[in-house]
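Visitor: What follows is a predicted structure for the sequence shown.
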Amino acid sequence: MRLRYRFAIIIALLALLVSSCTQEEPKQVLRLPVSISLPMDDTGGMARVAGRRIMGDPGNTERFLLPNYIYIVIMKQDGVNWTPWHIITRIADEDDWTPKRYVGLLQTTGDSVYQYNEQIELLLSNQKFNGRVYVLASAVPLTFNRTLDNTGITSLSDIEDLTFSAASDEVQENLQHIYSTPRNYEVDGDYYGAFNSIHSIVPHLDLVLYHVAAKVDITWNVADTVRIKADPAKAVRLTYMDLCHLYKGNAYCFRPMDNVAPAVLGEGATIHLVTPTDEGLWWEGRAYCYAIPYTVSGNPNYFPLQMMMRTNGSYATYRPTLNMKVNTDSPFVPWLRITFNLTKPLEDKSETKTVEMSGGA
């Protein structure tokens, strides 16, 4: 009996030993600090509004709303595949953005920024990993083509193909207040939101977000030869001007220069620059707006900026399409600067012009 009792104890101890050897190591929590910066200036300490004077702009400092909605997607590498690690949506309060000078590896070093800080807890099964962080920030809520969870985001291509709807008027009016981490912005040959850790190294990400919409900056002038006439009734007045056929579909979040339309976008969105009541703008003026850049199938590297103009209160329209040359390999959207000089009365016609882009941001 005593021998059998000892044997049972030995078997139990062996089973416990095998169980302890095969049991997984306890998972650890990685606290990943992420700083999100927007390249802006603090203008007069306004909590929800920041500003930036555009280079070469003699006017007032341009102002931007600080984003309320922040979307963060963290991907991890499993072998050759990428899978979602953590997906976060935050509503930012007015005190969550802090003005400071940016210090880091990116091209905005030394610039004024507004910064938002987040500490994300990630569950680790081991201490060697590769990860990527993608961030989108907006002053208005956005509607995406996929749900932001583990069912809608299952791979890296899902992230790179993520789009937001630019169809609503609310989004169109706030395009300048939407920012993201462009997927082809690289540092040392790798996506700038990538991180990794081996053993005890804890990464810290300092990301700068950039506009997803291009700035369209247009100056117009009616030449003296047509604005001053002996007969005032024949003097040319630019009484109506629109930017029209602007992109109003699904726009890439992290590939802002990859939007392509199968053809000209019909009516699309329209921005009014001059109306018959704007007497002070009939002969000269300057305006800017923001638009989703896109190219048309068969005409790569050119953004077809369309205009519609009328003179002297008539309904005869002049509809030029300005093919603005853009660098679609750039991770950043351009600043499109256009000078339109009217040197003769407009005729009722449409035409296409190819022009070089000047400026950039």
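Guide: Nice, thanks for sending it over. Residues are numbered from 1 along each chain as shown.
Visitor: and the longest strand for this protein?
Guide: Among the segments of the chain that qualify as a strand by DSSP state E, the longest is strand 112-124.
Visitor: for that one, packing partners?
Guide: Contacts defined by 3 or more Cβ pairs under 8 Å, 6 or more residues apart in numbering; DSSP states H and E place strand 112-124 against strand 28-38, strand 69-78, strand 81-91, strand 98-101. To be clear about C-beta, it is placed using only N, CA and C from the backbone, and glycine gets the same treatment.
Visitor: Mean neighbour count, those: which tops it?
Guide: Compared across those, strand 69-78 shows the largest average neighbour count, a mean of 19 (mean count of other Cβ atoms under 10 Å).
Visitor: Show me what that strand pairs with in its sheet, parallel or antiparallel.
Guide: Strand pairing for strand 69-78, using DSSP bridges, gives strand 81-91 (antiparallel), strand 128-138 (antiparallel).
Visitor: And those strands: which comes nearest residue 62?
Guide: strand 128-138 (17.6 Å; Cβ to Cβ).
Visitor: relative to strand 28-38, how tilted is that closest one?
Guide: Calculated by axes from the mean of the first three to the mean of the last three Cα atoms, to 10 degrees, strand 128-138 forms an angle of 40 degrees with strand 28-38.
Visitor: closest to residue 273 out of the helices and strands packed on strand 112-124?
Guide: Residue 273 lies closest, by Cβ to Cβ, to one member of the helices and strands packed on strand 112-124: strand 28-38, at 27.1 Å.
Visitor: where's the closest one relative to the chain centroid, distance-wise?
Guide: Distance of strand 28-38 from the chain centroid (Cα atoms, centre = their mean, to the nearest Å) equals 21 Å.
Visitor: which helices and strands does it pack with?
Guide: By 3+ Cβ pairs under 8 Å, 6+ apart, strand 28-38 packs against strand 69-78, strand 112-124, strand 128-138, strand 205-208.
Visitor: strands paired with that strand, and their directions?
Guide: Here, using DSSP bridges, strand 28-38 pairs with strand 112-124 (antiparallel), strand 205-208 (parallel).
Visitor: Could you count how many residues lie near residue 344?
Guide: Residue 344 has 9 neighbouring residues, counting by other Cβ atoms under 10 Å.
Visitor: which SSE is the nearest residue to it once chain neighbours are set aside in?
Guide: Closest residue in space to residue 344, ignoring its immediate chain neighbours: residue 226 at 6.0 Å, by Cβ to Cβ, 6 or more residues apart in numbering. Residue 226 is located in helix 224-227, with elements delineated by DSSP states H and E.
Visitor: any idea which residue sits dead centre in the chain?
Guide: Central residue of the chain (Cα atoms, centre = their mean): residue 212, 2.4 Å from the mean position.
Visitor: from what I can see that residue touches residue 257, true?
Guide: No. In terms of Cβ atoms under 8 Å, residue 212 does not count as a neighbour of residue 257; the distance is 9.8 Å.
Visitor: domain parsing for this structure?
Guide: Using automatic domain parsing, the domain ranges for the chain come out as 28-211, 214-356.
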